[in-house]
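Undergrad: can't give you the sequence, but here's the structure:
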């Protein structure tokens, strides 16, 4: 299936990479690669993700071993990546967000 990203999802990916890269650029690269691998899996097996209890058309997939979750929906022959969430992300004291 084809994969498309919402503007929010593109922004999420950039923010996650920037956030992690401040402390560990290598970890940011590994996280990005794991997210891409998860999205590749979703393009081949779009219904593998867990259905959202509040919005039945939405699904999510946990990017292991990283604390990231890909939220997406399947429409026709397209997997729409709606949001990518870094589930452990917190602002560090004294640090402004990029």
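TA: Okay, I see it. Quick caveat, the model's predicted, so the values are computed rather than measured.

Undergrad: ranges for the strands of the chain?
TA: 2-5, 50-51, 58-63, 68-75, 78-86 (DSSP state E).

Undergrad: burial count for residue 56?
TA: Neighbourhood size, residue 56 [other Cβ atoms under 10 Å]: 9. All C-beta spots, glycine's among them, are computed from the backbone N, C-alpha and C.

Undergrad: contacting residues for it?
TA: By Cβ atoms under 8 Å, 6 or more residues apart in numbering, no residues touch residue 56.

Undergrad: can you tell me how far it sits from residue 74?
TA: Separation of residue 56 from residue 74 (Cβ to Cβ, to the nearest Å): 12 Å.

Undergrad: swap in residue 80?
TA: Applying Cβ to Cβ to residue 80 and residue 74 gives a distance of 8 Å.

Undergrad: same thing with residue 17?
TA: The gap separating residue 17 from residue 74 is 26 Å, by Cβ to Cβ.

Undergrad: before we move on, what about residue 44?
TA: Between residue 44 and residue 74 the computed distance is 12 Å (Cβ to Cβ).

Undergrad: check which helices and strands the helix ranked longest in the chain is in contact with.
TA: Across the chain, the longest stretch assigned as helix under DSSP state H is helix 25-44. On a contact count with 3 or more Cβ pairs under 8 Å, 6 or more residues apart in numbering; DSSP states H and E, helix 25-44 meets strand 2-5, helix 7-21, strand 58-63, strand 68-75, strand 78-86.

Undergrad: can you do 6 Å?
TA: When contacts are defined as 3 or more Cβ pairs under 6 Å, 6 or more residues apart in numbering; DSSP states H and E, helix 25-44 packs onto helix 7-21, strand 58-63.

Undergrad: give me the spatial nearest neighbour of the spatially most central residue of the chain, chain neighbours excluded.
TA: The residue lying closest to the centre of the chain (Cα atoms, centre = their mean) is residue 84, at 2.8 Å. Using Cβ to Cβ, 6 or more residues apart in numbering and skipping residues adjacent in sequence, the residue nearest residue 84 is residue 12, 4.1 Å away.

Undergrad: any regions of the chain where pLDDT drops low?
TA: Along the chain, the model assigns pLDDT under 70 to residues 89-98.
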